[in-house]
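Q: Got a predicted structure here, sequence first:
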Amino acid sequence: MRFVSTRFGELEVADQDVVHFQKGILGFERLSKFALLPYREDSPFFLLHSIEEPDLCFVVTNPDWFRPDYKVEINEDDMRELAALGCEEISVFAIVTVPENPKDITANLLAPLLVNRKNGYAKQTVQRESVYRTRHLISEEIRRAEALSSTRTPNETAASVRLVEAEKIRAG
């Protein structure tokens with residue numbers, strides 16, 4: 001599938017990289033078709049680009065790399081809407097805000113995106129009675145994870161380095 005992006009020009013997207021939000025994303029309910037593309041092969045970030053609106057592109061990431069204890073409540077309605085047989089089919093993403101200073105990059109952990117990678121169905125869900133907020137400073141989350149762990153794993157060390165990716169995304 002081909003579509004035009006204001007920022008990236010004409011893009012070719014494989015069918016398996018197209019996700020469908022039946023109810024849209026909060027604030028963008030009328031848009032349902034998005035391309036989920038890796039920012040770079042070695043990056044934890046992805047671009048979630050609207051196929052219907054050439055100006056709209058979100059930066060998203062799987063929060064596991066900076067918040068290893070992140071938990072998402074997925075109920076039966078979510079599973080039905082995603083046509084998922086089990087939670088293992090679902091990938092979780094957080095919308096990221098990349099400000100001018102990449103050290104101030106935040107992630108919305110209150111309203112994650114759920115994507116069934118087998119069929120491309122997706123939805124945004126708002127966590128109820130949650131400790132999560134719409135703006136979690138990723139650098140603070142990394143420090144928090146490191147403090148909770150008495151030994152640093154290679155994954156946690158890599159997470160600290162990945163904030164550099166935000167600066168590259170911002171530069172375009």
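A: Structure received.
Q: ok, which stretches of this structure are helices?
A: 76-81, 138-148, 154-161, 163-171 (DSSP state H).
Q: which secondary structure elements does the longest one contact?
A: Packed against helix 138-148, as judged by 3 or more C-beta pairs under 8 Å, 6 or more residues apart in numbering; DSSP states H and E, are the following elements: strand 106-107, helix 154-161, helix 163-171. In short, each C-beta sits where N, CA and C put it, glycine included.
Q: Please work out the average pLDDT along that helix.
A: The average pLDDT within helix 138-148 is 90.
Q: tell me, which of the helices and strands packed on helix 138-148 is the model least confident about?
A: Ranked by mean pLDDT, the helices and strands packed on helix 138-148 bottom out at helix 154-161, with a mean of 40.
Q: Can you get me a residue count around Lys118?
A: As a burial measure, Lys118 scores 14 neighbours (other C-beta atoms under 10 Å).
Q: just Glu73 next, same as before
A: Neighbours around Glu73, by other C-beta under 10 Å: 11.
Q: Next up, phi/psi of the residue nearest to it when sequence neighbours are not counted, please.
A: Among residues not flanking Glu73 along the chain, Gln127 sits closest, at 6.0 Å (C-beta to C-beta, 6 or more residues apart in numbering). Dihedral pair for Gln127: phi -70, psi 130, per degrees, to the nearest 10.
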